[in-house]
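A.B. asks: Fold the following and give me the result.
(3 chains)
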Amino acid sequence: MSNLLSNLNPEQLKAVTLPRVSALVLAGAGSGKTRVLTTRIAHLIQSGQASPAGILAVTFTNKAAREMTTRLESMLPINTRGMWIGTFHGLCNRLLRAHYRDAILPQTFQILDSADQQSAVKRVLKSMNVDDEKFKPREMCWFINGAKEQGLRYKDVEAHDEFTRRQVEIFQAYDEQCQKEGVVDFAELLLRCYELLSRNAPLLEHYRDRFKFILVDEFQDTNKLQYRWIRLLAGTTGAVFGVGDDDQSVYGFRGAEVGNMRDFQHDFHVQEVIKLEQNYRSHGSILDAANAVIKHNQARLGKNLWTDAGKGEPLRIFAAANDNEEAQFIVDEVKSLHREGMRLNDIALLYRSNAQSRVLEHSLFRAGLSYRVYGGLRFFERQEVKHALAYMRLAANPDDDGAFTRVVNFPPRGIGARSIEQLQDAANMNRCSLMQAAKSFMPPGRSAAALGTFISLVDGLKASAETLTLQELVEEIVERSTLKSHYQSEREGAERIENLAELTNAAALFNEEYEGEDKPLIGFLTHASLESGEHEAGQGDDALQLMTVHAAKGLEFDAVFLSGLEEGLFPHDNSMNQLDGIEEERRLMYVAITRARKRLYLSYAGSRMLHGQPRYGVVSRFVDEIPSELCKWIVLPERVATFNSYSRGSQGDFFAKQDWGGRSAGGYHPQGTGYAPKTESETVFSAKDTISKQDMQRARFETSRPDAHPFGIGQNVMHAKFGEGVVINFEGSGLDARIHVKFRDVGTKILAMQYAKLTAA
DNA sequence: ACTACGAGACTTTTT
DNA sequence: GTCTCGTAGT
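C.D. replies: Residues are numbered from 1 along each chain as shown, chains lettered A, B, ... in the order given. Down below sits the predicted model:
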């Protein structure tokens, strides 16, 4: 036991060994939050205070749940398989499956992901003859989920105007359609579970009695319904151990309520709040910057991170003339870090919004740096995979109209919109599913044969599902549905076929892992919707990591590049008019900064292409909130003179970029503590080398002038898309300067100087 | 019934 | 710039 508790700091130890009371742990970034959670569970079990079955631990992501489980297994010689550690949705699903009758759900109920939900809403709108321009499916989903996440059914929603009343009607029709089809959306999973427990006293008693210890991760991210769910399960005698960080609450836009942390203290009579403030991740300057920024927020529970790791290096700030230059700077720095021995895997490139990744990717690609972008389409969300899954869903439940509409004519088999409409009418008329309508009320016509083919296909699959293994079933679906041959004839179908093969793989893997599951098909489909697939392909190879700041939450890297630090981008324009908007953006900035272990770069661009339009930016207020003594500004060598002409007297000099980076002085030590600036670089980073913000701004404007460009009339140039050409004229000045180039293959083009990615040829 | 082209949108996101 | 959606044409 002492083994388990050794190496914990006093606060961590206190949290881990707390008796059976409700408690709140304010865990700052990098303060060992997951460690505390898992060690507490291990300690409770080892000391005999709890049995593995008596613990309920809830997280937000599958990844977090998995990490907790793995760590726990390494601490204790127990099998975590039967333990209740999982996401809110995963645990609710488990409860609903166990008590499907009480929850009034079919045993085979399916879970809709966001895309499925949207198409379900579309079908509702159609059947109600509602204009989907006025009631956009996306917004309807938002409305429905928003209500459910507050614990509200359609009849609980207050409607004071005609529009909302109509929305409520659609809400009702949608829920009825879902019930009829035996499907539940994500929010429904939680609400249904909440209602199941609150309406069934013996059942609730049973679980209250069982879960003596409830642990909640990322408490600041809980929404109203999740909070009520926890309260319900805990009752008046339960003990809830909440861990969270109000400064890292960045999901307000999807219903998370930081206020739940305050309410928790009150509602659960929390006697003491334990603060974990010692940070084991970042060097001092990085933490100081994070603390300085977050101090500007008013509504905080209050917390200050510290470290004994030493100051480390200053933050590096780069002001680029435009987005391409910013990207180029990052490429050069990454290359240099890589040369020094830092693995690309340990370097992250963060941005506020996904749209920003393109320019960066472009430069990385040209430079031949391998990188991986997080947060695109996940495996189970891919079109071809969803199609195959729809066939599986029909095999499990032929009355699943969503799955039916998805694949009734995919691959195309001659069933057009007209026929589907007729089917829909027949189904409405007879109050049955589309499949039943197709079987019993098939309208006579040309498409009858095609429909017959489809019906027998699904019937065949249904029969196969009884006898075949999961893997064989997937293989059969891919073949017999002609998905495979369809994609084979498609130009870019190779990748899709690969993904279908990967689905076969996933099915085999699932079977292996959940051997003996009585309903493997249902289990697999649930797995597919609940775990949209962190099937991280190519995780093994060394690649730079690109992601949004949101996606980076919970991760850490040796070096972090935070790009696009401009007003309007970060903080984002759309956040400004939201309540608490700026504070949430600032928390996001805090999250971004605290991702870095040893080195942090901040960059912004004077102009960048956004939505196909140039947009001129001003440095983000968040950069200004970082004390300048923690920062060093980096300037391109050819501009040092320009910048220095603005700084007078004691202001000192800027650094030419090549004097930076600790190439010879200091450097990266892969197995050591990382960057250890030596004397030489300490000199380089001395305090006199700063410049005022105003000079910075003015200098940047100067350097953006067109006469700084390296081209002359008659010069041969190269363009990524247009190929070779010759410069024939210039036009305009300042940021609007344009260059006329006569290309060999595509004729004369007039390009914006700033964006034309021209190179001398 | 299917394909091709043009208009309009576009913060962040897990389940 | 790029993706999705809707309409018009084959």
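A.B. asks: going forward, measure contacts and count neighbours with C-alpha atoms only.
C.D. replies: OK.
A.B. asks: residues in contact with the residue of the stretch 601-750 of chain A at minimum distance from DNA strand B?
C.D. replies: The stretch 601-750 of chain A approaches DNA strand B most closely through A:H611 (4.2 Å), counting by CA to the nearest atom of the strand. For A:H611, the contact set (CA atoms under 8 Å, 6 or more residues apart in numbering) is empty.
A.B. asks: Would you mind measuring from it to A:D573?
C.D. replies: 14 Å (CA to CA, to the nearest Å).
A.B. asks: cool, A:R208 as well?
C.D. replies: 45 Å.
A.B. asks: same thing with A:V623?
C.D. replies: 16 Å.
A.B. asks: Next: A:L525.
C.D. replies: Where A:D573 is concerned, A:L525 sits at a distance of 39 Å (CA to CA).
A.B. asks: who's more crowded, those two?
C.D. replies: A:L525 (21 against 13; other CA atoms under 10 Å).
A.B. asks: pretty sure that one contacts A:A395?
C.D. replies: No - A:L525 is not in contact with A:A395 according to CA atoms under 8 Å; the separation is 11.1 Å.
A.B. asks: if I pick the residue most central in space within chain A, what's in contact with it?
C.D. replies: Nearest to the geometric centre of chain A sits A:A551, at 4.0 Å (CA atoms, centre = their mean). If you count contacts by CA under 8 Å, 6+ apart, A:A551 has them with A:Y374, A:G375.
A.B. asks: before we move on, what about A:G252?
C.D. replies: Applying CA under 8 Å, 6+ apart to A:G252 gives the contacts A:D221, A:V258, A:E584.
A.B. asks: And for A:E257?
C.D. replies: Counting by CA under 8 Å, 6+ apart, A:E257 makes contact with A:Q220, A:D221, A:T222, A:N223, A:K224.
A.B. asks: Check the spacing between the residue lying closest to A:G416 once chain neighbours are set aside and A:I477 real quick.
C.D. replies: Ranked by CA to CA, 6 or more residues apart in numbering and with sequence neighbours excluded, the top spatial neighbour of A:G416 is A:N409, at 7.3 Å. Distance, A:N409 to A:I477, using CA to CA: 15 Å.
A.B. asks: Who has more neighbours out of the two?
C.D. replies: Comparing A:N409 with A:I477 by other CA under 10 Å, the one with more neighbours is A:I477, at 24 against 17.
A.B. asks: what helix or strand does the more buried one sit in?
C.D. replies: According to DSSP states H and E, A:I477 maps onto helix A:470-480.
A.B. asks: what mean pLDDT does stretch A:743-750 have?
C.D. replies: Averaging pLDDT along stretch A:743-750 yields 68.
A.B. asks: which regions of the stretch 601-750 of chain A sit below the pLDDT cut-off?
C.D. replies: A:637-714, A:719-722, A:729-738, A:745-750 (pLDDT under 70).
A.B. asks: hmm, 90 instead?
C.D. replies: A:606-619, A:628-629, A:631-750 (pLDDT under 90).
A.B. asks: Check the secondary structure at A:N129 for me.
C.D. replies: With DSSP: H, G, I helix; E, B strand; the rest coil as the basis, the three-state label of A:N129 is coil.
A.B. asks: burial count for A:Y100?
C.D. replies: 18.
A.B. asks: from the stretch 1-150 of chain A, which residue is nearest to DNA strand B?
C.D. replies: A:T61 (3.3 Å).
A.B. asks: The one helix or strand A:S603 maps to: partners in the sheet, and parallel or antiparallel?
C.D. replies: Per DSSP H and E, A:S603 falls inside strand A:596-610. Paired neighbours of strand A:596-610 in the sheet (DSSP bridges): strand A:315-322 (parallel), strand A:557-562 (parallel), strand A:613-616 (antiparallel).
A.B. asks: For A:I214, which of those is the nearest?
C.D. replies: With CA to CA, the closest approach to A:I214 among the strands paired with strand A:596-610 belongs to strand A:557-562: 31.1 Å.
A.B. asks: Centre of the chain to whichever helix or strand comes after that closest one, how far?
C.D. replies: Where DSSP H and E defines the elements, the next helix or strand beyond strand A:557-562 is helix A:573-576. Taking CA atoms, centre = their mean, to the nearest Å, one finds helix A:573-576 lying 19 Å from the centre of the chain it belongs to.
A.B. asks: Kindly report the same for stretch A:209-222.
C.D. replies: 22 Å.
A.B. asks: do the same with stretch A:569-581
C.D. replies: On CA atoms, centre = their mean, the centre of stretch A:569-581 falls 19 Å from the chain's centre.
A.B. asks: How far does it stretch from one end to the other?
C.D. replies: Across stretch A:569-581, first to last residue, CA to CA, it's 13 Å.
A.B. asks: Kindly report the same for stretch A:303-318.
C.D. replies: End-to-end distance (CA to CA), stretch A:303-318: 30 Å.
A.B. asks: Kindly report the same for stretch A:572-580.
C.D. replies: 13 Å.
A.B. asks: re the thing from before, closest to DNA strand C among the contacts of A:G252?
C.D. replies: Out of those, the member with the shortest distance to DNA strand C (by CA to the nearest atom of the strand) is A:E584, at 24.9 Å.
A.B. asks: what residues are up against the closest one?
C.D. replies: A:E584 neighbours (CA under 8 Å, 6+ apart): A:S249, A:V250, A:G252.
A.B. asks: cool, A:R496 as well?
C.D. replies: A:E384, A:Y487.
A.B. asks: Quick check: it vs A:R393, distance?
C.D. replies: 20 Å.
A.B. asks: Check A:H283 too.
C.D. replies: 51 Å.
A.B. asks: ok, now A:G606?
C.D. replies: From A:G606 to A:R393 the distance is 51 Å (CA to CA).
A.B. asks: likewise A:R40?
C.D. replies: Remark: distance between A:R40 and A:R393 (CA to CA) = 40 Å.
A.B. asks: ditto for A:L152
C.D. replies: Taken as CA to CA, the span from A:L152 to A:R393 is 29 Å.
A.B. asks: Comparing these two, which residue is more hemmed in?
C.D. replies: Neighbour comparison, A:L152 and A:R393: the larger count goes to A:R393, with 25 against 16 (by other CA under 10 Å).
A.B. asks: give the contact list for that one.
C.D. replies: Applying CA under 8 Å, 6+ apart, the residues contacting A:R393 are A:Q110, A:D400, A:A403, A:L525.
A.B. asks: Out of those, which two sit at the greatest distance?
C.D. replies: Counting by CA to CA, the most remote pair of the contacts of A:R393 is A:D400 and A:L525, 12.9 Å apart.
A.B. asks: Was I right to think A:L360 contacts A:E325?
C.D. replies: No - between A:L360 and A:E325 there is no contact under CA under 8 Å: 10.0 Å.
A.B. asks: just to revisit the earlier point, would you convert the contacts of A:E257 into CSV that also reports pLDDT and secondary structure?
C.D. replies: Formatted as CSV, those follow (pLDDT from 0 to 100; DSSP: H, G, I helix; E, B strand; the rest coil):
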residue, pLDDT, secondary structure
A:Q220, 95, helix
A:D221, 94, helix
A:T222, 95, coil
A:N223, 94, coil
A:K224, 94, helix
